[in-house]
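Engineer: Here is the input, now give the coordinates:
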Amino acid sequence: QVQLVESGGGLVQAGGSLRLSCAASGRTFRLYTMGWFRQAPGKEREFVAAVSWTGGNTYYADSVKGRFTISRDNAKNTVYLQMNSLKPEDTANYYCAADVTNGSTWPVVVPAYWGQGTQVTVSS
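Structural biologist: Numbers count the residues shown, from 1 in each chain. The predicted structure follows:
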């Protein structure tokens with residue numbers, strides 16, 4: 001079992017930055033692919049980014065490439081999402097997720113473990 005708790009959401013102006021954190025419980029954290037999804041009001045949940053258990057491989061949705069960076073610290077059982085050059089269309093509830101599957105499959109795979117989400121609002 002893996003429990004995930006997100007933090008770092010908030011209100012930011014367009015062009016600004018936020019860093020989301022996801023703290024995970026469980027001794028096997030380092031074995032899981034970790035990542036982020038988001039869901040805006042009235043829209044389907046969408047994949048944002050994922051990072052392999054070693055941290056050596058990262059995967060991004062086209063909409064965030066070049067602006068968002070995912071990373072992890074296995075010693076702290078934490079995964080991060082650095083979000084720069086934020087746009088109003090990035091406004092959503094952001095969810096941390098964990099699964100044993102390869103991060104390259106995450107745009108279509110539904111991860112097994114989810115956090116409660118943290119709200120990100122970008123004003124224009």
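Engineer: contacts and neighbour counts: CA atoms only from here.
Structural biologist: Will do.
Engineer: Give me the distance between the residue nearest in space to the middle of the chain and Glu46.
Structural biologist: For the chain, Trp36 is the residue whose C-alpha lies nearest the centre (C-alpha atoms, centre = their mean; 2.3 Å). To Glu46, Trp36 is 9 Å away according to C-alpha to C-alpha, to the nearest Å.
Engineer: try Gln39
Structural biologist: Gln39 is 6 Å from Glu46, by C-alpha to C-alpha.
Engineer: related to what we said a few turns ago, need the three-state assignment for the residue nearest to the centre of the chain.
Structural biologist: strand (DSSP: H, G, I helix; E, B strand; the rest coil).
Engineer: Okay, strands next: where are they in this protein?
Structural biologist: Per DSSP state E, the chain carries strands over the ranges 4-7, 10-13, 18-24, 33-39, 46-51, 58-60, 68-73, 78-83, 92-99, 113-114, 118-123.
Engineer: Among those, which comes closest to Pro107?
Structural biologist: For Pro107, the closest of these is strand 46-51, at 5.3 Å, according to C-alpha to C-alpha.
Engineer: what's the angle between the closest one and strand 92-99?
Structural biologist: Per axes from the mean of the first three to the mean of the last three C-alpha atoms, to 10 degrees, the angle that strand 46-51 makes with strand 92-99 is 50 degrees.
Engineer: What pairs with strand 46-51, parallel or antiparallel?
Structural biologist: Looking at strand 46-51 with DSSP bridges, its partner strands are strand 33-39 (antiparallel), strand 58-60 (antiparallel).
Engineer: for the ones you listed, which one sits closest to Ala50?
Structural biologist: Across those, closest to Ala50 is strand 33-39 (C-alpha to C-alpha), at 3.9 Å.
Engineer: Check which residues of that closest one are buried.
Structural biologist: 33-39 (16 or more other C-alpha atoms under 10 Å).
Engineer: do stretch 77-86 as well
Structural biologist: 77-81, 83-84, 86.
Engineer: repeat for stretch 14-33
Structural biologist: So, applying 16+ other C-alpha under 10 Å, buried residues of stretch 14-33: 14, 17-24, 29-30, 32-33.
Engineer: Out of the residues you listed, the closest to Asn93 would be?
Structural biologist: Distances from Asn93 to the buried residues of stretch 14-33, taken by C-alpha to C-alpha, are shortest for Leu20, at 11.4 Å.
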